[in-house]
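Colleague: Below is the structure, and that's it, no one-letter string:
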């Protein structure tokens, strides 16, 4: 099952609610304790999954859904609207003509986490966005419909932009968790991503956004300085 698979009838307005806990579990170490905005709120399924992890302070959607959600497109959000949130977390529509203007707008407002197809990063049209993407957290396949026994045919990832400036991209491909004192003591010398953070030992995987060290498989890629390919 896929948002972009022609074998299935497409849901109007790309409304695929985030009801699968597997879609958010790898994200938890990065957002725990944060306040966030959900500009593609739908029926509030994502907020339900994150209820014990982070606090939703802004809800909006292009269509009328629940009373607490404002009716407005994501591209109309202003800095004033998001003055009380740390970041944006959402599962946006994947249709390119809708998605790209939303990314352009949102990453200029607040650090932004978006749930997107994992292979989207390989499209040429997405290269400029990868050049600004700080993190990609893999989650695998997702079940979009609660009553379905099938998962998506696509793999998915959380993409994270701090802002719209060029940056390296760190890929998190394993199960992430908060790092412990025991982890630090046992940290191997060959950990792939080597970043320093205050007095914590170097050569460990860190989360530079929320100052929360995490461990897992990770590697770093620079998309920002690559020669431009022929369109």
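Modeller: Thanks, I have it. From a predicted model like this one, the values you see are computed outputs, not experimental measurements.
Colleague: any chance you could map the helices in this structure?
Modeller: 28-31, 45-49, 96-106, 127-130, 181-186 (DSSP state H).
Colleague: now for the ones you listed, which one comes closest to residue 19?
Modeller: helix 45-49 (4.9 Å; CB to CB). (Glycine included, C-beta is placed from N, CA and C.)
Colleague: can you list the residues that contact that closest one?
Modeller: Residues outside helix 45-49 that contact it (CB atoms under 8 Å, 6 or more residues apart in numbering): 17-19, 21, 23-24, 38, 41, 56, 59, 89-91.
Colleague: So, low pLDDT: which residues of this structure?
Modeller: Along the chain, the model assigns pLDDT under 70 to residues 1-18, 143-153, 174-231.
Colleague: What distance do you get for residue 91 to residue 115?
Modeller: Relative to residue 115, residue 91 is positioned 4 Å away (CB to CB, to the nearest Å).
Colleague: which of these two has more neighbours?
Modeller: When neighbours are counted by other CB atoms under 10 Å, residue 91 and residue 115 differ, and residue 91 comes out ahead with 27 against 23.
Colleague: Show me which pair in the contacts of helix 45-49 is furthest apart.
Modeller: The most widely separated members of those, counting by CB to CB, are 21 and 59 (20.3 Å).
Colleague: More neighbours: which of the two?
Modeller: Neighbour totals were compared for residue 21 and residue 59, and residue 59 leads with 19 against 10 (other CB under 10 Å).
Colleague: First-to-last residue distance for stretch 88-102?
Modeller: 12 Å (CA to CA, to the nearest Å).
Colleague: Same check on stretch 68-84?
Modeller: Start-to-end, stretch 68-84 (CA to CA) is 16 Å.
Colleague: how about it: buried residues?
Modeller: When burial is assessed from 16 or more other CB atoms under 10 Å, stretch 68-84 yields the following buried residues: 69, 74, 77, 81, 82.
Colleague: Name the nearest of those residues relative to residue 119.
Modeller: Among the buried residues of stretch 68-84, residue 74 lies closest to residue 119 (CB to CB), at 22.9 Å.
Colleague: Grab the nearest non-local neighbour of the closest one.
Modeller: Counting by CB to CB, 6 or more residues apart in numbering, residue 74 lies nearest to residue 39, which is 3.9 Å off, once chain neighbours are set aside.
Colleague: and if you look at residue 163?
Modeller: Excluding the flanking residues, the one nearest residue 163 by CB to CB, 6+ apart is residue 107, at 6.1 Å.
Colleague: Put the buried members of the contacts of helix 45-49 into a PyMOL selection.
Modeller: Listed next is the PyMOL selection for buried residues among these, using 16+ other CB under 10 Å:
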select buried, resi 17+18+19+23+24+38+41+56+59+89+90+91
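Colleague: what's the domain layout of the protein?
Modeller: Per the record, the chain has its domains at 12-167, 177-222, by automatic domain parsing.
Colleague: quick one, strands of the chain?
Modeller: Here the chain has its strands, by DSSP state E, at 35-38, 55-61, 70-71, 87-90, 112-117, 135-140, 156-161, 168-172, 177-178, 195-197, 200-204, 214-215, 218-222.
Colleague: can you redo these as a markdown table with distance to residue 97?
Modeller: Below are the strands of the chain laid out as a markdown table (distance: least, CB to CB, whole Å):
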| stretch | distance to residue 97 |
| --- | --- |
| strand 35-38 | 22 |
| strand 55-61 | 18 |
| strand 70-71 | 21 |
| strand 87-90 | 18 |
| strand 112-117 | 15 |
| strand 135-140 | 23 |
| strand 156-161 | 18 |
| strand 168-172 | 24 |
| strand 177-178 | 38 |
| strand 195-197 | 37 |
| strand 200-204 | 41 |
| strand 214-215 | 35 |
| strand 218-222 | 27 |
